[in-house]
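J.: Have a look; sequence and predicted model below, questions after that.
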Amino acid sequence: MTNPVTLRPADQCCYDIVSLGEVMLRLDPGERRIRTARSFDAWEGGGEYNVSRGLSRVFGKHAAVITSLVDDPVGHLVGDLITAGGVDDQFITWVPSDGVGRTVRTGLNFTERGFGVRGAVGVSDRGHSAASQLRAEDIDVDRLFGQLGVRWLHTGGIYAALSQSSAQTAKAVMAAAHANGTVISYDLNYRPSLWKSIGGQEEARRVNRELARLVDVMIGNEEDFTACLGFEVEGNDENLSHLDVNSYATMIDKVIEKFPNISVVATTLRQVRTASRNDWSAIAWSKDTGLVRSVERPNLEILDRVGGGDSFAAGLVAGLMETGDLQKAVELGAAHGALAMTTPGDTSMVTRCEVESLAAGGSARVKR
Ligand SMILES: O=C(O)C(=O)C[C@H](O)[C@H](O)CO
């Protein structure tokens, strides 16, 4: 089995995985709603970072994050959560506080889980965040990708949407990674709220198409390839109430034709029956294997859906890094994503053993 991606040898690299993205303070009202909450749990979260955290905590990989935080107590709380998540903080750029957050701040993300007929809600408060102002010159890419060595870089469409400069930063970091033989994955992660005031979907497509030329492993959910890259999936209705795998296969052919640099395309497929029950599976493609599909998990019970896609990506990356077998990788990703959605917070609280057991068809029988 040939690995669809060519990885640098582990003994030549300080890091298995580095993410580039914003890390926000996630404020979570638990079972309550944001609008009526009186207390919040604090976690850290960010689409790109969550992948590194999962790879570190669950799959035992050496991980780091490239981001920026404000040098004040809120920034340091996020920094503390990052190191507790097993992610190296040496590539965090700390910027001085202006005293009130007028020009630079640490992003906040209020997230409620939803239940049954009430969908999950995310309200971010992240204008002028330090991460959105991070510039390529702030990052010592020669040291990171050249001297220290990185096997895999993960970034994506959330970071690219933060500001005009963040898209440029993403491009420069991806180019440096590519020049040093680092595999690059990119999760399209369409967030309409981020694009709303900076050109909407048209601008999202322009930016993501430009960055797609540097990507080896392209990841997205059931709607991202249409929203971010403009590839329609035949038969999808507005509510994505029917997801036809053959139509995705046709769409992936078009993606590869347009971006021949891409070696793997991976998509999570989620049909939302209620906020608490989703049909969940994933598909992936490489030239050698064609389309592979994970086990389908109809009516999967969900406690907190946020971060499910990131945990899928972490499992997929771990599987490709360790086995090069796309079928195994997609199973590991889908199982990790499913388990991550059984606990609160963006990231998973499971062990590798639990992921492997579920991927191999294990049940939820009590263990004691
Ligand atoms: O919207 C964002 O920027 C986030 O990163 C919030 C969550 O962490 C993300 O949606 C999880 O995938």
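T.: Noted; the coordinates are in hand.
J.: for this structure, which spans come out with low pLDDT?
T.: Residue ranges of the chain with pLDDT under 70: 238-239, 241.
J.: quick one, helices of it?
T.: Remark: helices assigned in the chain by DSSP state H are 47-57, 73-84, 141, 157-160, 164-179, 192-195, 200-212, 224-229, 245-258, 308-322, 326-340, 352-359.
J.: Would you format these as a markdown table with distance to the ligand and mean neighbour count included?
T.: Yep, even glycine has a C-beta here, placed from its N, CA and C like the rest. Formatted as a markdown table, the helices of the chain follow (distance: least, C-beta to the nearest ligand atom, whole Å; neighbours: other C-beta atoms under 10 Å):
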| stretch | distance to the ligand | mean neighbour count |
| --- | --- | --- |
| helix 47-57 | 4 | 29 |
| helix 73-84 | 12 | 17 |
| helix 141 | 23 | 20 |
| helix 157-160 | 4 | 28 |
| helix 164-179 | 11 | 19 |
| helix 192-195 | 7 | 16 |
| helix 200-212 | 14 | 17 |
| helix 224-229 | 11 | 23 |
| helix 245-258 | 20 | 16 |
| helix 308-322 | 5 | 28 |
| helix 326-340 | 10 | 27 |
| helix 352-359 | 18 | 18 |
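J.: For residue 40, which of these is the nearest?
T.: helix 73-84 (12.6 Å; C-beta to C-beta).
J.: if we can go back for a sec, for the helices of the chain, which one sits closest to residue 2?
T.: helix 326-340 (10.3 Å).
J.: Show me which residues of the stretch 51-200 of the chain are close to the ligand?
T.: By C-beta under 6 Å from any ligand atom, the residues of the stretch 51-200 of the chain that approach the ligand are 109, 124, 158, 191.
J.: Tell me the one among those nearest to the ligand.
T.: When these are compared for distance to the ligand (C-beta to the nearest ligand atom), residue 158 comes out closest, at 4.2 Å.
J.: so residue 92 sits right up against residue 69, yeah?
T.: Yes. Counting by C-beta atoms under 8 Å, residue 69 is a contact partner of residue 92 at 5.8 Å.
J.: Could you check which of the two is surrounded by more residues?
T.: Neighbour totals were compared for residue 92 and residue 69, and residue 69 leads with 28 against 22 (other C-beta atoms under 10 Å).
J.: and the nearest residue to residue 345 once chain neighbours are set aside, how many neighbours?
T.: Once flanking residues are discounted, residue 345 sits nearest to residue 43: 4.5 Å by C-beta to C-beta, 6 or more residues apart in numbering. By other C-beta under 10 Å, the residues close to residue 43 number 20.
J.: dump the residue contacts of residue 43.
T.: 25-26, 28, 81, 344-347 (C-beta atoms under 8 Å, 6 or more residues apart in numbering).
J.: can we see that at 10 Å?
T.: Shown in contact with residue 43 (C-beta atoms under 10 Å, 6 or more residues apart in numbering): 24-28, 78, 81, 85, 109, 111, 307, 344-347.
J.: Look up how far residue 231 lies from the nearest residue to residue 207 once chain neighbours are set aside.
T.: Once flanking residues are discounted, residue 207 sits nearest to residue 167: 4.9 Å by C-beta to C-beta, 6+ apart. Separation of residue 167 from residue 231 (C-beta to C-beta, to the nearest Å): 20 Å.
J.: Just the closest of the residues of the stretch 51-200 of the chain next to the ligand to residue 136, please.
T.: For these, the nearest to residue 136 is residue 158 (17.9 Å; C-beta to C-beta).
J.: Wait, that closest one touches residue 67, no?
T.: No. Assessed by C-beta atoms under 10 Å, residue 158 is found out of contact with residue 67, at 11.8 Å.
J.: any common contacting residues for these two?
T.: Contact criterion C-beta under 10 Å, 6+ apart; residues shared by residue 158 and residue 67: 21-22, 46, 48-49, 131.
J.: does the closest residue to residue 298 other than its chain neighbours have beta-bridge partners, and which?
T.: Computed as C-beta to C-beta, 6+ apart, the closest residue to residue 298 that is not its neighbour in sequence is residue 279, at 4.7 Å. Counting by DSSP bridges, residue 279 forms beta bridges with residue 271.
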